[in-house]
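*Asks:* sequence plus the predicted model coming up.
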Amino acid sequence: MNKKEIAKFLAGAFAWETMVHVAIGVNGLAPITIFGFTITSQLNTPLIIFPAVITIFLVYYAWVRK
């Protein structure tokens with residue numbers, strides 16, 4: 001398996017992570033406790049931004065960059 005295929009898989013995983021936290025924020029589910037960790041609205045914001053940025057870089061590397 002080459003690096004670009006791994007980047008494609010990881011881009012999907014990080015995109016999913018982003019969408020889960022967007023759904024938590026949009027639906028007003030914060031604060032929510034999962035596996036003993038409490039996700040507040042303030043914590044949810046960086047949990048949306050960081051995976052989204054990583055997704056953008058991975059998409060660029062996997063599909064755009066030659």
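*Replies:* Okay, I see it.

*Asks:* neighbours of Ala62, how many?
*Replies:* 18 (other CB atoms under 10 Å). C-betas here are computed from N, CA, C, even on glycine.

*Asks:* got the contact list for it?
*Replies:* Contacts for Ala62 (CB atoms under 8 Å, 6 or more residues apart in numbering) come out as 4-5, 7-8, 11.

*Asks:* quick one: list the elements packing against the helix or strand containing Pro51.
*Replies:* Here Pro51 sits within helix 41-59, counting by DSSP states H and E. Packing partners of helix 41-59 (3 or more CB pairs under 8 Å, 6 or more residues apart in numbering; DSSP states H and E): helix 3-26.

*Asks:* export the helix it packs on as PDB, just CAs?
*Replies:* Coordinates of the C-alpha atoms in helix 3-26 are reproduced here as PDB (Å, rounded to 0.1, in the frame of the first residue of the first chain):
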ATOM      1  CA  LYS A   3       1.500   6.600   1.000                       C
ATOM      2  CA  LYS A   4      -1.300   8.300  -1.000                       C
ATOM      3  CA  GLU A   5      -3.700   5.400  -0.400                       C
ATOM      4  CA  ILE A   6      -3.000   5.700   3.400                       C
ATOM      5  CA  ALA A   7      -3.600   9.400   3.200                       C
ATOM      6  CA  LYS A   8      -6.900   8.900   1.400                       C
ATOM      7  CA  PHE A   9      -8.000   6.500   4.200                       C
ATOM      8  CA  LEU A  10      -6.900   8.900   6.900                       C
ATOM      9  CA  ALA A  11      -8.600  11.800   5.200                       C
ATOM     10  CA  GLY A  12     -11.900  10.000   5.400                       C
ATOM     11  CA  ALA A  13     -11.300   9.100   9.100                       C
ATOM     12  CA  PHE A  14     -10.500  12.700  10.000                       C
ATOM     13  CA  ALA A  15     -13.400  14.000   7.900                       C
ATOM     14  CA  TRP A  16     -15.700  11.600   9.900                       C
ATOM     15  CA  GLU A  17     -14.300  13.000  13.100                       C
ATOM     16  CA  THR A  18     -14.900  16.500  12.000                       C
ATOM     17  CA  MET A  19     -18.500  15.700  11.000                       C
ATOM     18  CA  VAL A  20     -19.200  14.000  14.400                       C
ATOM     19  CA  HIS A  21     -18.100  17.100  16.300                       C
ATOM     20  CA  VAL A  22     -20.100  19.400  13.900                       C
ATOM     21  CA  ALA A  23     -23.200  17.300  14.600                       C
ATOM     22  CA  ILE A  24     -22.600  17.500  18.400                       C
ATOM     23  CA  GLY A  25     -22.300  21.300  18.100                       C
ATOM     24  CA  VAL A  26     -25.200  21.900  15.700                       C
END
